[in-house]
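Asker: take a look and give me a structure for this.
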Amino acid sequence: MTAEYKVHGDVAVITMSNPPVNGLGYAVRQGIAQGLEQAAADPAVKAIVITGAGKAFSGGADIKEFGTAKASAEPNLLSVIAAVENSTKPVVAAIHSVAMGGGLELALGCHYRIAAPGTSIALPEVKLGLIPGAGGTVRLPRVLGVEPALNMIVSGEPVKSEMLAMLPGQKLFDRMAKSPESLAEEALAYAREVAGNKTHPRVRDLPCKHPMGDAYFQFARNMVKGMAKNFPAPAKCVDAVENATKKKFDDALATEREIFMNLMLTPESRALRHLFVSERAASKIPDVPEDTPQRKIEKVAVIGAGTMGGGITMNFLNAGIPVTMLEMKQEAIDRGVATIRKNYEAQVKKGKLKQDKYDTRMSLLKTTLDYKDIADADLVIEAVFEEMGVKQKVFETLDSVMKQGAILASNTSTLDVNKIASFTKRPQDVVGLHFFSPANVMKLLEVVRGDKTGKDVMATVMTVAKKIKKTAVVSGVCDGFIGNRMIEQYSRQAGFLLDEGATPQQVDKAIEKFGFAMGPFRMGDLAGNDIGWAIRKRRAAERPNMIYSRTADKLCELGRFGQKTGAGWYDYKEGKRDAIPSKLVEEMIVEHRKSLGIEPRKISDEEIVQRLVFALVNEGARIVEEGIAARASDIDMVYITGYGFPIHRGGPMLYADQVGLFNVAQAMKRFAKNPRDDAKFWEPAPLLAKLAAEGKTFN
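Answerer: Residues are numbered from 1 along each chain as shown. Model prediction:
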């Protein structure tokens, strides 16, 4: 059953039942419509209550139906709301827990509304690149007033029911229930009370005006422009609410629908909807069922108190999980703890963290110099120097001291997790947990699954990731996993572009204009150019046929490691992060070109963007094909949450889909003809070639 119909004396109750949030899927909409007809035909029924089962009134559209014929099949939500509004018997919405999107729009179509305290109320469509599409922009301003309604619609953020109930003149809630538990009884009593009324109020008949109309909407547009430069939806929210104040109700409703349908076709909305669905998909592992038994994680240990170790520790303290941090020397511990304190104190100063919360978090932190003190931890995460010999020592020690059943995790960013697991007698307990720096801020967590990692370990760490508010993406074992394996190809292209005639600032500007948070050269300076240097030296031994531009090595030979040394691809003034173009670097690049006999050419921004982004796409296609990533959308999640890829483009794989895989493959064949590039790399990955030939997409 997706909508249950029950009669309580003279009141019919229609209960939406489509867990987890009673999404308004086709079957639910049919159920509501049938319930209304049944109630209309029953002379014993004098009033109707609509409510939701379980933990929500309704969270809105059913995301499982996105993009399918069912999403718009009749009765669509507008038709259901019209049927509610036109009911000759009064309809009362009994709202609790969550009323968002289409769920709130349905409630606004009812004649009366009673809400439980603590209900989250929102029209979050803007977060999917849309505007409300079933009357939200036309009805909410009529019950809340234009300004509060527009603020809610443009932000998409939830507001608690009791806050809204306090707004002067609000008509959103006719009554507030005493408690969530008493809502059902109070709603029945209220329905009986209004059953005797001769007429029943409709939100559509309420006035909708703003005293300073034109000036206010102009101001709102300017505000929105500054906040949402790459997204069309917020400005369209302003248009729709303005229409509600100037047009007849039905005309404004029709225009709202038109705007909604047009936005549905924009690449920005497709990107946001893709990421919404992808985030949920990433948490599911195809061969690890949802009911896989999990291990208890109540105590955590972190090996290493440096930047990474400290950042990782903070994630667990924030989630209320006690951590013991282990180091070899007391001064290293003192430095690590001081940094954690400094980070928290900065948040307290800005008013982002209350003093008592800060004290609680610090009270969960213990430190030690002795492995014996961490023997009873349920999860231990190693965050030591990125060198196999160092990791070997740590894992052999952990194997001998940790209790049975403890999960042993490595924060390695490129090393072989299977080899790390082989240093123990319990490879089934070993997993990679690759946090991104700064680990207390960055959302991404690459969960690296070794050949022998237990399914219960995978299920457990995915749950832990949620607890510490990370977006976890599973990767198989390969050099660099998903993110760093791809970024290496991107960086190689950036280097070739310098050889051929571009400057670091031209490359950075082009890719930042495309929407990246930071170009490859500014990113190198921030991360430390010596890190890439070390990887290239390791590559020289492992893969001697891998070609790079020599410019990055020459830069490191000059000691220009980036912001930490005050000089990298750019110059930096002390205490400032502004990247200043460097005369010295420019001369070095020119000299380098001369030594290779290269005549520099003019390179367009379009070529820069295509070579950098399509390099990610081609390597990404290989990663999906090899089964390192379970799905193309997982790669998009990695790049959006960990590498500053522009959100409005939905990640490299979705971007390739939107450009068209045929066009992407054609561009790659063009790049392969460039004598200064790596022709072998630009052969379209077999998966990409196959999809392009069949006219298909990654997602």
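Asker: CA atoms for contacts and neighbours, from now on please.
Answerer: OK.
Asker: Gly644 against Phe516, yeah?
Answerer: Yes - A contact is recorded between Gly644 and Phe516 when judged using C-alpha atoms under 8 Å, the distance being 5.6 Å.
Asker: more crowded one of these two?
Answerer: Phe516 (19 against 16; other C-alpha atoms under 10 Å).
Asker: not counting its neighbours along the chain, what's nearest Asn76?
Answerer: Leaving out its chain neighbours, the residue that sits closest to Asn76 by C-alpha to C-alpha, 6 or more residues apart in numbering is Arg29, at 7.0 Å.
Asker: neighbours of that neighbour, how many?
Answerer: Other residues within reach of Arg29, judged by other C-alpha under 10 Å, total 23.
Asker: so which elements touch the helix or strand harbouring it?
Answerer: Here Arg29 sits within helix 26-41, counting by DSSP states H and E. On a contact count with 3 or more C-alpha pairs under 8 Å, 6 or more residues apart in numbering; DSSP states H and E, helix 26-41 meets strand 3-8, strand 11-16, helix 77-85.
Asker: mean confidence for the longest one?
Answerer: Mean per-residue pLDDT for helix 77-85: 97.
Asker: which residues does that helix contact?
Answerer: If you take C-alpha atoms under 8 Å, 6 or more residues apart in numbering as the criterion, helix 77-85 is touched by 24, 29, 32-33, 36, 91, 102, 105-106, 109-111, 134-135, 202.
Asker: now swap in the first one and tell me
Answerer: Contact with strand 3-8 is made by 12-18, 27-28, 31-32, 35, 45, as judged by C-alpha under 8 Å, 6+ apart.
Asker: after the host helix or strand of Ile640 comes which helix or strand?
Answerer: Counting by DSSP H and E, the element that carries Ile640 is helix 632-642. Reading on from helix 632-642 to the C-terminus, the next helix or strand found by DSSP H and E is helix 652-659.
Asker: what angle separates the following helix or strand past that next one from helix 652-659?
Answerer: Taking DSSP H and E as the definition, the helix or strand that follows helix 652-659 towards the C-terminus is helix 661-672. With axes from the mean of the first three to the mean of the last three C-alpha atoms, to 10 degrees defining the directions, helix 661-672 sits at 110 degrees from helix 652-659.
Asker: how far does helix 661-672 sit from its chain's centre?
Answerer: Taking C-alpha atoms, centre = their mean, to the nearest Å, one finds the center of helix 661-672 at 30 Å from the center of the full chain.
Asker: helices or strands next to that helix in the packing?
Answerer: When contacts are defined as 3+ C-alpha pairs under 8 Å, 6+ apart, helix 661-672 sits against helix 605-625, helix 686-693.
Asker: run the last query once more with 7 Å
Answerer: The contact analysis (3 or more C-alpha pairs under 7 Å, 6 or more residues apart in numbering; DSSP states H and E) places helix 661-672 against helix 686-693.
Asker: coming back round to it: for the helix holding Ile640, C-alpha coordinates in CSV please.
Answerer: Extracted C-alpha coordinates of helix 632-642, given in CSV (Å, rounded to 0.1, in the frame of the first residue of the first chain):
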residue,chain,number,x,y,z
ALA,A,632,31.0,6.5,-13.7
SER,A,633,29.0,8.6,-11.2
ASP,A,634,31.4,7.6,-8.4
ILE,A,635,34.2,9.4,-10.3
ASP,A,636,32.0,12.5,-10.5
MET,A,637,31.5,12.4,-6.7
VAL,A,638,35.3,12.1,-6.2
TYR,A,639,36.0,15.1,-8.4
ILE,A,640,33.2,17.3,-7.1
THR,A,641,33.9,16.7,-3.4
GLY,A,642,37.7,16.3,-3.5
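Asker: ok and it relative to helix 605-625, angle-wise?
Answerer: 120 degrees.
Asker: other SSEs contacting helix 632-642?
Answerer: Packing contacts for helix 632-642, counted by 3+ C-alpha pairs under 7 Å, 6+ apart, involve helix 267-282, strand 444-448, helix 652-659.
Asker: list the buried residues for the first one?
Answerer: Buried positions in helix 267-282, judged by neighbour count with 16 or more other C-alpha atoms under 10 Å: 267-276, 278-279, 281-282.
Asker: make a markdown table from the residues you listed and add distance to Thr460 and pLDDT to it.
Answerer: Below are the buried residues of helix 267-282 laid out as a markdown table (distance: C-alpha to C-alpha, whole Å; pLDDT from 0 to 100):
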| residue | distance to Thr460 | pLDDT |
| --- | --- | --- |
| Pro267 | 36 | 94 |
| Glu268 | 34 | 94 |
| Ser269 | 33 | 93 |
| Arg270 | 32 | 93 |
| Ala271 | 30 | 95 |
| Leu272 | 28 | 94 |
| Arg273 | 28 | 92 |
| His274 | 26 | 94 |
| Leu275 | 24 | 93 |
| Phe276 | 23 | 92 |
| Ser278 | 20 | 94 |
| Glu279 | 18 | 93 |
| Ala281 | 17 | 93 |
| Ala282 | 15 | 95 |
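Asker: Asn674: which of these is nearest?
Answerer: Lowest distance from Asn674 to those (C-alpha to C-alpha) belongs to Pro267, with 30.9 Å.
Asker: next one: the closest one from Gly651, what distance?
Answerer: Remark: distance between Pro267 and Gly651 (C-alpha to C-alpha, to the nearest Å) = 12 Å.
Asker: and what of Thr414?
Answerer: Summarising the geometry, the distance separating Thr414 from Gly651, computed by C-alpha to C-alpha, is 22 Å.
Asker: those two: which is more packed in?
Answerer: The residue with more neighbours, out of Thr414 and Gly651 and counting by other C-alpha under 10 Å, is Gly651; that gives 30 against 19.
Asker: what about the closest residue to Gln610 other than its chain neighbours, neighbour count?
Answerer: For Gln610, the nearest residue in space outside its immediate sequence neighbours is Ala667; the separation is 8.0 Å by C-alpha to C-alpha, 6+ apart. Residues within reach of Ala667, counting by other C-alpha under 10 Å, total 17.
Asker: same question, Val390
Answerer: 11.
Asker: next, it: secondary structure please.
Answerer: Following DSSP: H, G, I helix; E, B strand; the rest coil, the label given to Val390 is helix.
Asker: how close does Val154 get to Leu365?
Answerer: 40 Å.
Asker: the two: which is more packed in?
Answerer: For Val154 versus Leu365, neighbours defined as other C-alpha under 10 Å are more numerous around Val154 (22 against 19).
Asker: let me see the contact set for that one.
Answerer: If you count contacts by C-alpha atoms under 7 Å, 6 or more residues apart in numbering, Val154 has them with 126, 234, 237.
Asker: over to Ala282?
Answerer: 472-473, 634.
Asker: do the same with Asn315
Answerer: Under the criterion of C-alpha under 7 Å, 6+ apart, the contact partners of Asn315 comprise 440, 468.
Asker: what are the ranges of the strands in the stretch 51-200 of the chain?
Answerer: With DSSP state E, counting those that start in this stretch as the criterion, the stretch 51-200 of the chain has strands at 91-95, 98-100, 112-115, 120-122, 159-160, 175-176.
Asker: mind listing what's buried in stretch 437-454?
Answerer: Under 16+ other C-alpha under 10 Å, the buried positions of stretch 437-454 are 437, 439-440, 442-450, 453-454.
Asker: again with stretch 512-526
Answerer: Counting neighbours by 16+ other C-alpha under 10 Å, one finds that the buried residues in stretch 512-526 are 512, 514-526.
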